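A.B. asks: sequence plus predicted model, see below.
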Amino acid sequence: MTIHPDLEAEQAYIDHAYQCLDEARARANSLQTMVEVGRGGTEQARFERDVIWDTILHRLSSLQLGDASLCFGRIDREPEDGDRGASYYIGRIAVSDHNQEPVVVDWRAPVAEPFYRATGRQAMGLARRRHFATRGRRLLGIEDELFGDRAVALGGGALADGHPAEGISGYGALISALETARSGRLGDIVATIQGEQDEIIRAPLPGVLVVQGGPGTGKTVVALHRAAYLLYTHRFPLEDQGVLVVGPNRLFLSYIEQVLPSLGEAGVELAVLGDLVDEVRVRGAERGEVARVKGDERMARVVAKAVRDRKRGLRRDLRLGFGLQTLTVSVERSERIVADARRRSRTHNAGRRFVEQSLHQALAESSRTPLDAATVRDRFRRAPEVREALEWMWPVLTPAELLHDLFGSPALLRLAARGTLSTDEVAALHRPRAEAVEQVVWTPDDVPLLDEARALLGPTLRGRRRGEPDEIRTYGHIVVDEAQDLSPMQLRMISRRSLNGSMTVVGDIAQSTGAWPHADWDEVLSRLPDRRPARRAELTVGYRIPAPNMALATRVLAEAAPELRPPRSVRQDGRPPRIARVDGQELEATVVEAVLAELAEVGAGNVAVICPASLVDAADRGLSTAGIDHGLASSSGLDHQVTVVPVRMVKGLELDATVVVEPARILAEEPQGLRSLYVALTRATRLLTLVHRGDLPAVLAE
């Protein structure tokens, strides 16, 4: 950006805004002394102190910007009725002066909407939009966009049709942000949000919003900004109801974890599905056919039948000596008790107390002399015969205990799956029992089954004593990323956590690489809340990926998902992808050469070695031998400049440079090989290199 004549004046205004922010922070800090309660304070005073303290902490956290810039633009409205036209400075948070006059407007406020949405055709009342290029508190440059008569007079206005940047606001600021080296953490785009992104961010709260977006269109960061916008616009009730963001894996969560705090929203819960079930260890992955069965919606019937199968009458009459007589509960009476409990109980474990009471009452009624059920209970509470009968008729179960018993017993599996699963599918579910349920390590595909069992079983008596919640936690809004990979059972689990059906679901059908690839969004929507008609949106502009890289990936897309259009790349320049064939040396040596070459070009940027799971160890070994400091994504995330990432973990990430190893093996090893290759080819914001020993796949060899 050239030096702008208003640079000095705008720097002075930004300095004033920071001064007002510092003063607001000081005022918030001073409030802490107002809520101190002495030793003689009342319970009411302590409660009020806690409420005020929480408010102060929230305010202080919202005023902490770190290295993020406070103000990134300004809008000037067209004069009306002879006035000069209002101007508003747009920033990360709202800042007022000591007279409570606005100095900076929060980017989420309605008055800020034209900053993101105004176009040459629809100026939304603007005369000028000004973008600031900043580093911390320092203003580096200014970029102006003019509208209406002012644009015509000065020769400004919209770009010509067909220009790569047509419809892009703040093109210079956007390109500057895109070319900044990646840090291993996703950054916010609050200063460069584009019109089609802003429409999604500001879409109404109710119902399910599905966002289809190709690689580099910003669907993840748009979904996170939408969460921040909804919390701002609907602070009550969302702050109490909660907002949940569900990601595909922990690497992804660590990658996005700074976005919402940078926007002043630290209270949003980020989770993988395994975080939503209690007291189990979740690790590893299932084989493709097992994952397919466990993700099938028919498993809801299997789990329900498994719970029902644990509610049964006695196999033989229960007889207990009581003085000179024998108290008896017949098999028929036990069956009636179980049937009554089934009708009365909303969840399985809640019915245990009724069964206990009914069994004691039946024993008392079998006495030849008047006998009180409480007396029977006190006498036989710890009797092995009674405890055995109750455990047979109606055991108290945790979800882990139910599934451990089910998967460890071919007989229980056949009984629960009769008429629902095939013999081969039942066999796929069986696994040896562990000595104790606490030793079982569950997989992500077990998680929705555990959750299904939790919904049917309810909390145990033990859980209630530990303070376990009686109900599954629900949320006022749920954001689901990479939703195209979720199985029907996983979608069912997420739907169960929706309080009112309000969700933002983002993904790319072309990147469906899991055991349950969906052909279209209709398949996904059929398993989500339908209280209101679903709304759909599509992101069509690719910001991250240079056009030469996207051109190569588009060839794969044409075979992987021919019905989908590739995003239009804003960045037309860039080095064409390089293809390095292993010739006369080890594969690892060629990978090392490619990594060193990319490191030399990206400077402080990061590099990912993307490879099939079978080559992760080889790539790690080669880099170690060459003395290149690096990390493994599975253990250290993206904390190193060079990281080895299995292709199944790379979705959703963006890197400065990537080395994709053995594309043919990616096709062979991954369940959706073409789509996995498409994902691998679309991660780099700058450089892409392919390394291969065997022949390239035909789709790349043209």
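C.D. replies: It's in.
A.B. asks: who's in contact with stretch 233-241?
C.D. replies: Taking contacts as CB atoms under 8 Å, 6 or more residues apart in numbering, the residues outside stretch 233-241 that touch it are 108, 205, 230, 231, 267, 474, 475, 476, 477, 499. (Each C-beta comes from the backbone N, C-alpha and C, glycine too.)
A.B. asks: next one: stretch 546-553
C.D. replies: Outside stretch 546-553, the residues that reach it (CB under 8 Å, 6+ apart) are 164, 215-216, 542, 545, 566-567, 569, 571-577, 678, 681-682, 684-686, 688, 700.
A.B. asks: and stretch 565-574, by the same measure?
C.D. replies: 164-165, 168, 174-175, 178, 213-217, 539-543, 545-550, 553-554, 557, 686.
A.B. asks: the contacts of stretch 233-241 in helices, which ones?
C.D. replies: Of the contacts of stretch 233-241, the ones assigned to helices by DSSP state H are 230, 231.
A.B. asks: which of the contacts of stretch 233-241 sits closest to residue 11?
C.D. replies: Closest approach between the contacts of stretch 233-241 and residue 11, by CB to CB: residue 108, at 25.2 Å.
A.B. asks: secondary structure class for the nearest residue to residue 509 once chain neighbours are set aside?
C.D. replies: Among residues not flanking residue 509 along the chain, residue 484 sits closest, at 5.3 Å (CB to CB, 6 or more residues apart in numbering). Of the three states, residue 484 takes helix under DSSP: H, G, I helix; E, B strand; the rest coil.
A.B. asks: which ones are touching residue 484?
C.D. replies: Residue 484 sits in contact with 507, 508, 509, 511, 512, 517, 518, 524, where contact means CB under 8 Å, 6+ apart.
A.B. asks: chain center to whichever strand or helix holds residue 489, what's the gap?
C.D. replies: Element membership for residue 489, per DSSP states H and E: helix 488-496. Relative to the chain's own centre, helix 488-496 is displaced by 14 Å; criterion: CA atoms, centre = their mean, to the nearest Å.
A.B. asks: and what of stretch 544-557?
C.D. replies: Distance of stretch 544-557 from its chain centroid, counting by CA atoms, centre = their mean, is 26 Å.
A.B. asks: now that stretch: mean pLDDT?
C.D. replies: In this model, stretch 544-557 carries a mean pLDDT of 94.
A.B. asks: again, but for stretch 85-92
C.D. replies: 92.
A.B. asks: quick check, nearest of the contacts of stretch 233-241 to residue 328?
C.D. replies: Using CB to CB, residue 474 is the member of the contacts of stretch 233-241 that sits closest to residue 328, with 46.1 Å.
A.B. asks: pLDDT wise, what is the closest one at?
C.D. replies: With respect to pLDDT, residue 474 has a value of 95.
A.B. asks: so what's it up against?
C.D. replies: When contacts are counted by CB under 8 Å, 6+ apart, residue 474 touches 241, 242, 496, 497, 498, 499.
A.B. asks: can you check residue 673 too?
C.D. replies: When contacts are counted by CB under 8 Å, 6+ apart, residue 673 touches 666, 667.
A.B. asks: and the strands in the stretch 101-250 of the chain?
C.D. replies: Taking DSSP state E, counting those that start in this stretch as the test, the strands found in the stretch 101-250 of the chain are 102-106, 126-135, 138-146, 208-213, 243-246.
A.B. asks: and of the ones you listed, who's closest to residue 368?
C.D. replies: Nearest to residue 368 among the strands of the stretch 101-250 of the chain is strand 243-246; the distance by CB to CB comes to 59.9 Å.
A.B. asks: going along the chain, name the helices of the stretch 201-350 of the chain.
C.D. replies: Using DSSP state H, counting those that start in this stretch, the helices of the stretch 201-350 of the chain run over residues 219-233, 235-241, 250-256, 259-262, 288-295, 299-309, 331-344.
A.B. asks: I am finished for the moment; much appreciated.
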